[in-house]
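Q: no letters, just coordinates:
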């Protein structure tokens, strides 16, 4: 076990009656880029503050490098947290900000400055050490915050939605940047976000959280392709959800009756369904294909063009469906046009309906 | 459209003039009176330009001793109130929200309690404490300076707390968390992050508490006991009669305030220009000479030099000659009045033999009233006093009003010889405390 491992051992955090985190159980390997993905209020920030030491778990243990972190304050843990607003010290210069962790550890002025310059080189911002924080752009501040956190020489870097304040272009650039820095320094990164794009592009593994519960932990591809729960299926990416009743199941293939007729889908996580059970079939918009020989009959409501993609909105059996196709090429389809659809059952998931 | 707009504008101008006259009029008049040699603070009649009232002020030991005491108390109050206020504000920002409003009420109450009550309760509390500890009158608990400091701290620290609270509301608590997370101890986080953020508030709080301590009267007048602060000394001076040295004091205070305000304004403007980036574009700031000239320290030094020059120039000024002249004029006037009176007295036996004998006292000059001849001398009839009337001359009147009202009576001026006997006995015999004051204004027969 490396010193950069993090283990959450049945961690629950409660504030009065409210359960912010419920029985979180996971192990993050050293050097991994691990993301917590979930809507706001799902408890991911609470969990992060628990790992960094600002909150003690109500139940369970947090282990870092195999050591129980109970009653170890944030200033004694081998973690560094990058705050959502970055929390750069506005009254200090950039170099003083970066060298702050060294200053409080009693490192001399010369040594501090040298280290700060090295870190500025690492984040590709040489020569800004004497500037004030407010003189930097958003992306530069972002990198300064990372440099300051790295000055602690932590084993684990915790990032609390650090990109949410940036504009789209910069955000995409910083994703690659963050991932590159992580691979260069080899630390464990624990990343909190509500943006699935960030989680999917950067992470080795993603934990999807909802209402204090970790719903699924998997690599990004599996999260997207094989969601285990209705929440994961609908939260990560776009999806079409088609409710129905199970008719029969053979292996992973479930045949079900829906408003669109009898369809066949893949059982999510290899569940066994009783016949007659209420289930939902999830199909991604890009998995639905226009196919003259298809079983699903639908009518075009409208088609939108969005550059690299086009979105076709359809109506079928009182349900709305969505199909995504490659952007360029053919004319947009006229409203009212009747089409036939098909999909590969292997790329769909059947799950118990919510509450069932 | 334009007519109401113009009338609205002229009204706004008129109102603004009135408003500023109301604000600054008293200050202007007070400033002028500080330089008039008249021993009563007034603008008219203008006697001589003088700076003597400043030296009268400086040589007033009671006031100067009070000033030293006030400064000592002020420093003590600042030294205690600022940390106590900061602690209170920190407690308010950290405490559980359910208890916050209760704590706020407790901390703010001393501001709402009348200063008189605080003053009395301070001496009662510490006196009792001192006695119960077996201390005598020499003890700290019966020392006016100590009592004033603790009495003022009770409510002045709440002012400091309000300033700190306002500043703390703008503090981002994640900065402290970040410092902790980066390895700082809570003490380091406080010293390196929160304290620098609060520095402007510490400055304002120190300044405000110093002012509040300096100008406080209600509480201090009780707690100071036998001692004197500047304010209490000033108040008692006014009670015993005023002279223009108080105007001189006002001039000094106004000058100090102006210097402070102008320097502060220069500082703020410079800071805004630098932070806003306007400094880089401005020709004044990019020029090294311009940068030195507009620096607050330069402006402060310039103003101090200016004030120092005014003081030096004023101390060179010699008003003795002018005052001598005024004195001569007064004496001449007085002699003329005496002469006139003597003349009239010679005529009196023929014109009004039945009038009682008039004591030949001089006019208002010897008046024992504290008002002196102030009002009498400016009265239109003053040049011709009324000894010829049946009423006695006001000058011997024992009333505290002196001859003030008598001399302005309409009947007093021409003073024709009364053909009838006097309707009243002479006022000398009048036992009324008003003396002959009202009788003299009775309509002339």
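A: Thanks, I have the structure now. As the structure is a prediction and not an experimental result, all values here were calculated from the model.
Q: ok, the single nearest residue of chain A relative to chain B - how many residues close by?
A: Nearest to chain B, among the residues of chain A, is residue A:87, at 3.7 Å (C-beta to the nearest C-beta). All C-beta atoms are positioned from the backbone trio N, CA, C, and that covers glycine. Here the number of neighbours of residue A:87 (other C-beta atoms under 10 Å in any protein chain shown) works out to 24.
Q: could you look up the SS state of it?
A: Look at residue A:87: counting by DSSP: H, G, I helix; E, B strand; the rest coil, its state is coil.
Q: try residue A:13
A: With three-state DSSP as the criterion, residue A:13 reads strand.
Q: re the thing from before, give the contact list for the residue of chain A closest to chain B.
A: A:145, B:172, B:174, B:175, B:177, B:178 (C-beta atoms under 8 Å, 6 or more residues apart in numbering or on different chains).
Q: how about a cut-off of 7 Å?
A: Residue A:87 makes contact with B:172, B:174, B:175, B:178, according to C-beta atoms under 7 Å, 6 or more residues apart in numbering or on different chains.
Q: pLDDT score for the residue of the stretch 251-400 of chain B found nearest chain A?
A: Going by C-beta to the nearest C-beta, chain A is nearest to residue B:275 of the stretch 251-400 of chain B, at 8.5 Å. With respect to pLDDT, residue B:275 has a value of 73.
Q: same question, residue B:269
A: Here the pLDDT value assigned to residue B:269 is 85.
Q: whichever strand or helix holds it: how far from the chain's middle?
A: According to DSSP states H and E, residue B:269 maps onto helix B:245-275. Centroid separation for helix B:245-275 versus its chain: 18 Å, with C-alpha atoms, centre = their mean, to the nearest Å.
Q: what helices or strands is it leaning on?
A: Helix B:245-275 sits against helix B:2-33, helix B:52-58, helix B:296-316, with contacts defined as 3 or more C-beta pairs under 7 Å, 6 or more residues apart in numbering or on different chains; DSSP states H and E.
Q: what does chain A have sitting close to chain B?
A: Within chain A, the residues that sit near chain B (C-beta under 7 Å from any C-beta of the partner chain) are A:52, A:54, A:74-75, A:80-81, A:83, A:85, A:87, A:89, A:91, A:100-101, A:104-105, A:148, A:152.
Q: before we move on, back to that, residue A:157: which of the helices and strands packed on helix B:245-275 is closest?
A: helix B:296-316 (44.3 Å; C-beta to C-beta).
Q: what packs against that closest one?
A: Using 3+ C-beta pairs under 7 Å, 6+ apart, helix B:296-316 is in contact with helix B:245-275.
Q: and the helix it packs on, which residues are buried?
A: Residues B:245-252, B:255, B:259, B:263, B:266, B:270, B:273 are the ones in helix B:245-275 that count as buried (16 or more other C-beta atoms under 10 Å in any protein chain shown).
Q: could those be laid out in CSV, adding distance to residue B:188?
A: Putting the buried residues of helix B:245-275 into CSV (distance: C-beta to C-beta, whole Å) gives the following:
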residue, distance to residue B:188
B:245, 53
B:246, 52
B:247, 53
B:248, 51
B:249, 47
B:250, 48
B:251, 49
B:252, 45
B:255, 44
B:259, 39
B:263, 34
B:266, 35
B:270, 32
B:273, 34
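Q: the residue of the stretch 51-200 of chain B found nearest chain A: what secondary structure?
A: Minimum separation of the stretch 51-200 of chain B from chain A (C-beta to the nearest C-beta) falls at residue B:178, amounting to 3.7 Å. Under three-state DSSP, the three-state class of residue B:178 is helix.
Q: quick one: pLDDT of it?
A: Confidence score, pLDDT, at residue B:178: 91.
Q: contacting residues for it?
A: Going by C-beta under 7 Å, 6+ apart, residue B:178 touches A:83, A:87.
Q: low-confidence ranges, chain A, go.
A: A:1, A:355-356 (pLDDT under 70).
Q: and the stretch 151-300 of chain B, which residues reach chain A?
A: Checking the stretch 151-300 of chain B against chain A by C-beta under 7 Å from any C-beta, the hits are B:172, B:174-175, B:177-178, B:180-185, B:188, B:193, B:196-197.
Q: what about the longest helix in the chain?
A: Since you didn't name a chain, this refers to chain A. The residue-count maximum for a helix in chain A (DSSP state H) belongs to helix A:168-185.
Q: um, chain B though
A: Longest helix in chain B, counting by DSSP H: helix B:61-94.
Q: tell me what that one is packed against?
A: Looks like helix B:61-94 contacts helix B:97-112, helix B:144-169, helix B:195-215, helix B:230-239 (3+ C-beta pairs under 7 Å, 6+ apart).
Q: so can I have JSON lines of those showing mean pLDDT and mean neighbour count?
A: Putting these into JSON lines (pLDDT from 0 to 100; neighbours: other C-beta atoms under 10 Å in any protein chain shown) gives the following:
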{"stretch": "helix B:97-112", "mean pLDDT": "89", "mean neighbour count": "13"}
{"stretch": "helix B:144-169", "mean pLDDT": "92", "mean neighbour count": "22"}
{"stretch": "helix B:195-215", "mean pLDDT": "92", "mean neighbour count": "18"}
{"stretch": "helix B:230-239", "mean pLDDT": "84", "mean neighbour count": "17"}
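Q: between those helices, which gets nearest to residue A:309?
A: Closest among these, using C-beta to C-beta: helix B:144-169, at 46.7 Å.
Q: angle of that closest one against helix B:61-94?
A: Here helix B:144-169 runs at an angle of 40 degrees relative to helix B:61-94 (axes from the mean of the first three to the mean of the last three C-alpha atoms, to 10 degrees).
Q: does anything pack onto helix B:144-169? Which helices or strands?
A: helix B:61-94, helix B:97-112, helix B:115-132, helix B:195-215, helix B:220-223.
Q: so for the longest one, what's the average pLDDT?
A: Mean pLDDT, helix B:61-94: 91.
Q: tell me the centre residue of chain B?
A: Centroid-nearest residue in chain B: residue B:250, 6.1 Å away (criterion: C-alpha atoms, centre = their mean).
Q: how about residue B:225, what does it touch?
A: Per C-beta under 7 Å, 6+ apart, neighbours of residue B:225: B:144, B:147.
Q: return the distance of it relative to chain A.
A: Distance, residue B:225 to chain A, using C-beta to the nearest C-beta, to the nearest Å: 45 Å.
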